[in-house]
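Chemist: need a structure here:
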Amino acid sequence: MRNSASTLIIPVESQVRELDAKILLSCVAAERGFPVIMGSRAFTHFQVAAIPRGVYLAKSMRSLSNSMFRILRQLGHEIVAWEEEALVHPPADTYFTLRLSPETIKQVSHVFAWGQENVDLLRRYPELPANMPLHITGNPRGDMLRAEMRPYFDAEVERLRKLYGDFILINTNFSDINPFIPNVGLFLPSKDPRKAPQLGQSGVGMSRQFAEGLRDHKQAIVADFKRLIPSIAQAFPGFTIVVRPHPSENYEIYHDIAAKCERVIVTNEGNVIPWLLAAKAMVHNGCTTGLEAYVLGVPAISYLATLNEYYDYEFQGLPTKLSHQCFNFNELEVTLTRILNGELGVADGEEREALIDYYLAAQEGPLACDRIVDILEASGYSRKQPPAGPFGTYVQGWLLTKVKALLTNLNMRRPGPNRLAYHDHRFPEITVMEIEQRVAHFGQLLNRFDNIRVEQYSKHLFKIRSVDNSET
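Modeler: Just a heads-up that it's a prediction; the model follows:
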């Protein structure tokens, strides 16, 4: 009998950050009978009119997604969502205008929350639709941090240690003011210095006052880190310094530093988790990797040489509070020395334990992936597709998909830094075999997924499904 389950559509924006977790979710869903289409977010949108009616998993509910969400619904897809940036978010008034849109959220059928804090925040949103199902499931990225999942990265951890020896990891998150392409930053470049610049992609939804304050603060922090990186290299000559920029950053400023410092390496290769596990310590400023390091038991330092309590604690406070905090280079040198000598471990204490438990669910028990698929099953998506809408509405969605794809392709091929280069930077080419290898690795680790198959669906997209024995 033909499988009538809804197709689960799982777009991936940043491969190094999301792919492993979304492969795991794809396997769990396929194991339960869902056909899954997973791959590049941009190329998912190109193909979405050809995908059988199903459930689209969104990673945010920003106003920037208004048009795409309307198209998805016109095509007959339903939308479920989580908030990718919910762990490190600005104060509620800015979060609501920056990360949520009344038009977008009303198109969503279910929201999967990282933890209780995420739910408490969403319930304060004045435009939250009545009776919106908010499910505390945890997140697949959280699954990748769990103790039983860490052997997934063993081979990569060993490779990194052999390649770089003892190293200190420095993670940056300055794409707001150092973006890979200009229009994804806080402000668009202004051709007329007499005019105030317009808000860029990451600033849409912020008040100008908040965005300008954040810009000024981030610029000061970047200057701090440009001094910090060579200072650490000089103070710790027995260690390699690995700088890992945010996936949406321009790497040029770090390559300029590395060109003058023999032991400084700049890379964004692969998932950050094996880098954290392989490192002796990690230095950051309000970066989500501070939280990831805490969960993994890796000592982390938040460097706060330029301190603004509003931005550093009210906005980026969680990873900073879960880390050792140093307010000048002398403090950092002492703290880092103690860590490297084995005298100081991960920042600890009951307050930090309570904080992580409030923000991050599914640290034990069923995987977040299983909890999410449980809800999809309970909602009937495993038994049938969403109902078809009026034919005219579908045609309108189909036409808008083609127009949007045409415009996106044009933007991808503009001269200079363009969307295609940015796409390939965040989602480089990956083969079916590489996806299969990751599926097999998960299968060996969890003793699952024997019947999962991976096929190329289209460029940058993959179909992941379960097959019965007669098909193997």
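Chemist: can you give me the strands for the stretch 1-150 of the chain?
Modeler: Counting by DSSP state E, counting those that start in this stretch, residue ranges of the strands within the stretch 1-150 of the chain are 7-12, 36-40, 54-58, 78-81, 108-113, 134-136.
Chemist: who's in contact with the fourth one?
Modeler: Applying C-beta atoms under 8 Å, 6 or more residues apart in numbering, the set of residues contacting strand 78-81 from outside is 6, 54-61, 69, 72-73, 107-112, 376, 381, 386. The C-beta positions use only the backbone N, C-alpha and C, and glycine is treated the same way.
Chemist: Tell me the first helix or strand C-terminal of the longest helix along the chain.
Modeler: What stands out as the longest helix in the chain, according to DSSP state H, is helix 208-235. Per DSSP states H and E, helix 208-235 leads on to strand 240-244 as the next helix or strand towards the C-terminus.
Chemist: angle of that next one against helix 208-235?
Modeler: With axes from the mean of the first three to the mean of the last three C-alpha atoms, to 10 degrees applied, the angle from strand 240-244 to helix 208-235 works out at 160 degrees.
Chemist: mind listing what strand 240-244 pairs with, with the direction of each?
Modeler: strand 167-171 (parallel), strand 264-266 (parallel) (DSSP bridges).
Chemist: can you tell me which of the ones you listed comes nearest to residue 353?
Modeler: Nearest of those to residue 353, taken as C-beta to C-beta: strand 167-171 at 22.8 Å.
Chemist: number of nearby residues for residue 387?
Modeler: Neighbours of residue 387 under the rule other C-beta atoms under 10 Å: 8.
Chemist: Check the contacts of strand 78-81 for burial and list the buried ones.
Modeler: Among the contacts of strand 78-81, those classed as buried by 16 or more other C-beta atoms under 10 Å are 6, 54-61, 69, 72-73, 107-112, 376, 381, 386.
Chemist: Map the structural domains onto the sequence of the protein.
Modeler: Following automatic domain parsing, one finds the domains of the chain at 7-144+364-471, 152-174+206-353.
Chemist: Mean pLDDT and distance to residue 188 for those - can I get that in CSV?
Modeler: As requested, the domains of the chain are exported to CSV (pLDDT from 0 to 100; distance: least, C-beta to C-beta, whole Å):
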stretch, mean pLDDT, distance to residue 188
domain 7-144+364-471, 94, 13
domain 152-174+206-353, 97, 12
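Chemist: residues touching residue 327, list them.
Modeler: Under the criterion of C-beta under 8 Å, 6+ apart, the neighbours of residue 327 are 304-305, 307.
Chemist: How about residue 203?
Modeler: With contacts defined as C-beta under 8 Å, 6+ apart, residue 203 is in contact with 176, 185-187, 211.
Chemist: what's the distance between it and residue 93?
Modeler: Distance of residue 203 to residue 93, given as C-beta to C-beta, to the nearest Å: 15 Å.
Chemist: what's the neighbour count on the nearest residue to residue 265 once chain neighbours are set aside?
Modeler: Using C-beta to C-beta, 6 or more residues apart in numbering and skipping residues adjacent in sequence, the residue nearest residue 265 is residue 242, 5.0 Å away. Residues within reach of residue 242, counting by other C-beta under 10 Å, total 23.
Chemist: What of residue 64?
Modeler: Quick note: residue 64 (other C-beta under 10 Å) scores 14 neighbours.
Chemist: I'd say it and residue 204 touch.
Modeler: Yes: shown here, residue 64 and residue 204 form a contact pair, counting by C-beta atoms under 8 Å, at 6.3 Å.
Chemist: so what's the residue lying closest to residue 72 once chain neighbours are set aside bridging to?
Modeler: Excluding the flanking residues, the one nearest residue 72 by C-beta to C-beta, 6+ apart is residue 56, at 5.3 Å. For residue 56, the beta-bridge partners are residue 9, residue 79 (DSSP bridges).
Chemist: Residue 56: what's it in contact with?
Modeler: Residues in contact with residue 56, defined by C-beta under 8 Å, 6+ apart, are 9, 11, 48, 72, 77-80.
Chemist: Residue 95 versus that one, what's the distance?
Modeler: Distance, residue 56 to residue 95, by C-beta to C-beta: 23 Å.
Chemist: for residue 344, same thing?
Modeler: 34 Å.
Chemist: Next, give me the two most distant ones among the contacts of residue 203.
Modeler: Of all pairs drawn from these, the greatest distance, 10.2 Å, lies between 185 and 211 (C-beta to C-beta).
Chemist: So between the two, which is more surrounded?
Modeler: Remark: of residue 185 and residue 211, residue 185 carries more neighbours, 26 against 22, as counted by other C-beta under 10 Å.
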